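Chemist: my questions are about this predicted structure, shown below with the sequence.
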Amino acid sequence: MAIGTTTPVRSYTRIIAEVTRSRRTRGYSERAPSSKHAEWYSSMLPGMIPIALLGSAVYMALHLAQCTLAHEKFLDQADARIRKLEEEVDRLQREHSDTSSPPSPSPSRGSWWRWHSSEQKSH
């Protein structure tokens, strides 16, 4: 025995053996008592995951359907506006062709195009 120690050597080995034994038995087999919240979540969470996935899939499908219908409505409105504008253009072209008479050729010398006749005069 060493000077100044009161614990015999045998007690050190017993302490080491107890610590080693407690380390081997610790782990997942022995758990500290868990709270009621932890127990509730551990029992409910596995059942909530499929419901959350299903809810997300339904939401995404409904959102896609809403976007598709909104786009179709926009296209229908755009087609109606285009038809209305085409009808207005046709009406204005008919009015313009009814009120204006075709240009008669002028009896002047040269081309009936003014810019072309001015070119010929300058040459």
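Modeler: Received it, and whenever you're ready, just let me know what you need.
Chemist: averaging pLDDT per element, find the lowest-scoring helix or strand in this structure.
Modeler: Here the helix or strand of the chain ranked lowest by mean pLDDT, DSSP states H and E is helix 114-122, holding a mean of 56.
Chemist: any regions of this structure where pLDDT drops low?
Modeler: Along the chain, segments meeting pLDDT under 70 span 1-10, 19-33, 101-123.
Chemist: change it to 90
Modeler: Along the chain, the model assigns pLDDT under 90 to residues 1-47, 98-123.
Chemist: need the strands for it, in chain order.
Modeler: Using DSSP state E, no strands are found in the chain.
Chemist: select the longest helix from it.
Modeler: helix 36-99 (DSSP state H).
Chemist: quick one: list the elements packing against that helix.
Modeler: When contacts are defined as 3 or more CB pairs under 8 Å, 6 or more residues apart in numbering; DSSP states H and E, helix 36-99 packs onto no helix or strand at all. Using the backbone N, CA and C atoms, a C-beta is placed for each residue, glycine as well.
Chemist: quick one: neighbours of Glu86, just the number.
Modeler: 10 (other CB atoms under 10 Å).
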